[in-house]
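Visitor: Sequence and predicted model, in that order:
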Amino acid sequence: MSHEELIANHSHCLSRRRFVASAGILTAAAWLSPRHLLAEGENIVLAARKRAETASLTVQTLRGNVNALIGSGGNIAVLSGTDGKVIIDSGYATSRAKIIDALAKMHPGPIKHLVNTHWHFDHTDGNEWMHSEGATILAHENTRRHLSTTTRVEGWDFTFPPSPAGAIPTEVFDKEKTLYLNSTTIALSYYGPSHTDGDISAYFVEAEVFHTGDTWWNGHYPFIDYSTGGNIKGMIKAAEANLAKVTEKTIVIPGHGKIGGKPELTEYRDMLVTIHDRVRALKKEGKSLVEIVAAKPTALYDSKWATSFITGEVFTKLVYTGT
């Protein structure tokens, strides 16, 4: 294996500091500035959980008794009503007190159902305490598999131990699952491998509110977890599926970033496709990874989509790995 191929195969194992914001790490959409870089030797997963203790949590009222909680890992959706609260993703466990306070301001009723859009810790760390409050946890079968076993994410330089029994989904599905709670149809759909190999969406049909999980990062280059089955082609396929699902009226909750809609989803899809196609064309010309990075295939997008951590160079390497 050549030196360049070795770099390509391990491009998802890039500098820990440059991946700090890549998966909602350190609070949902804080996207930390350089002065917040980790101390030498500090692991980003542990730092993220610690910082969530003091991060602010924002409640956004959407439509049809659906709210969004922004500020504890991945964006959280909450459907309230007489059947109890239905929650999409549980955020960080260290945000428990703030999440409880936010939920108390909504329609009264216990947490009865929790859906995980995928297995990553910034979307599932709160599983155990929500289960202790009475929630049944539902997810794709691959999400349960990752939460049930030791799982390594090279990009974060972290090996996750199996989750506690109470944090593991007890109900799983393969392709599609429909719930009817609080007078609302909740359609759950599996994307196939994209951000991970267990990503699902949640569509609150009557309210026309759609949660994409981490298949959409509004305004930021996404992290792609090749360690657990993610890939750039799957991310593009998921973006296409999201666009096919929504209308101009649909309120869309991304995994990270601001609440948006079809125009922002379209812009995101176009960005992914363009950068993928540029990297693929350069690769077909026989360009090395170093040469492709030097060609700056993300240049036209960096001012909007790049962060201090997922720069155009980092995203180019992620795309290269799966192209």
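Guide: Alright, I've got the coordinates. Keep in mind that what you see is a predicted model, and the values were worked out from it rather than measured.
Visitor: so what's residue 95 up against?
Guide: 52-53, 55, 57, 71-73, 126 (CB atoms under 8 Å, 6 or more residues apart in numbering). C-betas here are computed from N, CA, C, even on glycine.
Visitor: The stretch 1-150 of the chain: strands as residue ranges?
Guide: 58-61, 66-70, 76-79, 85-88, 111-115, 136-140 (DSSP state E, counting those that start in this stretch).
Visitor: Paired strands for the third one, with orientation please.
Guide: This means strand 76-79. Partner strands for strand 76-79, per DSSP bridges, with pairing direction: strand 66-70 (antiparallel), strand 85-88 (antiparallel).
Visitor: Deepest-packed of those strands, please.
Guide: strand 85-88 (a mean of 26; mean count of other CB atoms under 10 Å).
Visitor: Give me the average confidence score over that strand.
Guide: Strand 85-88 carries an average pLDDT of 98.
Visitor: Run the chain-centre distance for it.
Guide: 17 Å (CA atoms, centre = their mean, to the nearest Å).
Visitor: Please enumerate residues in contact with that strand?
Guide: Strand 85-88 has contacts (CB under 8 Å, 6+ apart) with 76-79, 103, 106-107, 109-115, 117, 130, 135, 179, 181-182, 186, 202, 211, 253.
Visitor: Which of the helices or strands spans the residue nearest to residue 304 when sequence neighbours are not counted?
Guide: Spatially, and ignoring its direct neighbours in sequence, residue 304 is nearest to residue 219 (6.8 Å; CB to CB, 6 or more residues apart in numbering). According to DSSP states H and E, residue 219 maps onto no helix or strand at all.
Visitor: Now do the helices in this protein.
Guide: Secondary structure of the chain, counting by DSSP state H: helices at 3-9, 44-52, 96-104, 121-124, 127-132, 141-148, 232-245, 262-284, 289-295, 302-305, 312-321.
Visitor: possible to save those helices as TSV with distance to residue 164 and mean neighbour count?
Guide: Shown next, in TSV, are the helices of the chain (distance: least, CB to CB, whole Å; neighbours: other CB atoms under 10 Å):
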stretch	distance to residue 164	mean neighbour count
helix 3-9	33	14
helix 44-52	15	19
helix 96-104	14	17
helix 121-124	11	28
helix 127-132	5	20
helix 141-148	10	21
helix 232-245	29	19
helix 262-284	35	18
helix 289-295	40	17
helix 302-305	36	14
helix 312-321	31	24
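Visitor: Nice, that's everything, thank you.
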